[in-house]
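K.L.:
this one's structure only:
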């Protein structure tokens, strides 16, 4: 599959005038670039920021993309590693009380930046995407029990003899795109392990995986 066909997987026929995109921005995007979780006290998190960035690329809305990205950089970017704190609560002091990251959110941010670099040909996006992708690769992929896993965050998920995982953190379209672009990196192994774990993690009456698993 060529990179051009993967770079903007939902972009055909979409633009900034789309009524759905206009409604999304009116409901969830604040002027400063913060995406609010209206069902959770108007907090923000990297999953929301990354998803907003992804949508902005699809709807060819560079102005909205830059606002969302810049707010994320200003308020959630960690100073010690190219990852983002997972949650911002405007009602708390400080608003970022936990510096830990959420790996699915960082995947969305890194992938959206990669797609933005494709669409708007701006090296700033690519450089930041590379940095976040590299931090995920170097710090959040681990081999446990013969599986290449995604740790949900930098702190708190590695333990003696086991790791805590959440299979919903495997953002498969992003992982597939990274695997195609960077075949020397372990993204395909992560996809394969995620599929194997999903097939094994069948519990209860409906044979479905739990959100959180000890591996």
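P.N.:
Received, thanks. Everything numeric in this text was worked out from a predicted model, so none of it was measured.
K.L.:
how close does the residue nearest the centre of the chain get to residue 143?
P.N.:
Central residue of the chain (C-alpha atoms, centre = their mean): residue 108, 2.4 Å from the mean position. Per C-beta to C-beta, to the nearest Å, residue 108 is found 24 Å from residue 143. The C-beta positions use only the backbone N, C-alpha and C, and glycine is treated the same way.
K.L.:
where does pLDDT dip in the chain?
P.N.:
1-13 (pLDDT under 70).
K.L.:
could you pull out the strands in it for me?
P.N.:
44-45, 87-88, 141-144, 147-150, 158-159, 162-165, 213-214 (DSSP state E).
K.L.:
what does the third one rub up against?
P.N.:
If I follow you right, that is strand 141-144. Strand 141-144 is contacted by residues 148-151, 158, 162-163, 186, 190, 215 when judged by C-beta atoms under 8 Å, 6 or more residues apart in numbering.
K.L.:
ok, now the second one?
P.N.:
With C-beta under 8 Å, 6+ apart as the test, strand 87-88 has contacts from 34, 43-46, 75-76, 95-98, 102.
K.L.:
one more time with 6 Å, if that's ok
P.N.:
For strand 87-88, the external contacting residues (C-beta atoms under 6 Å, 6 or more residues apart in numbering) are 44-45, 75, 95-96.
K.L.:
residue 142: how many residues sit nearby?
P.N.:
15 (other C-beta atoms under 10 Å).
K.L.:
next one: it from residue 30, what distance?
P.N.:
36 Å.
K.L.:
check residue 99 too.
P.N.:
Counting by C-beta to C-beta - residue 99 and residue 30 are separated by 22 Å.
K.L.:
what of residue 90?
P.N.:
According to C-beta to C-beta, residue 90 stands 10 Å off from residue 30.
K.L.:
same check on residue 146?
P.N.:
45 Å.
K.L.:
and the two? Which one has more around it.
P.N.:
residue 30 (15 against 7).
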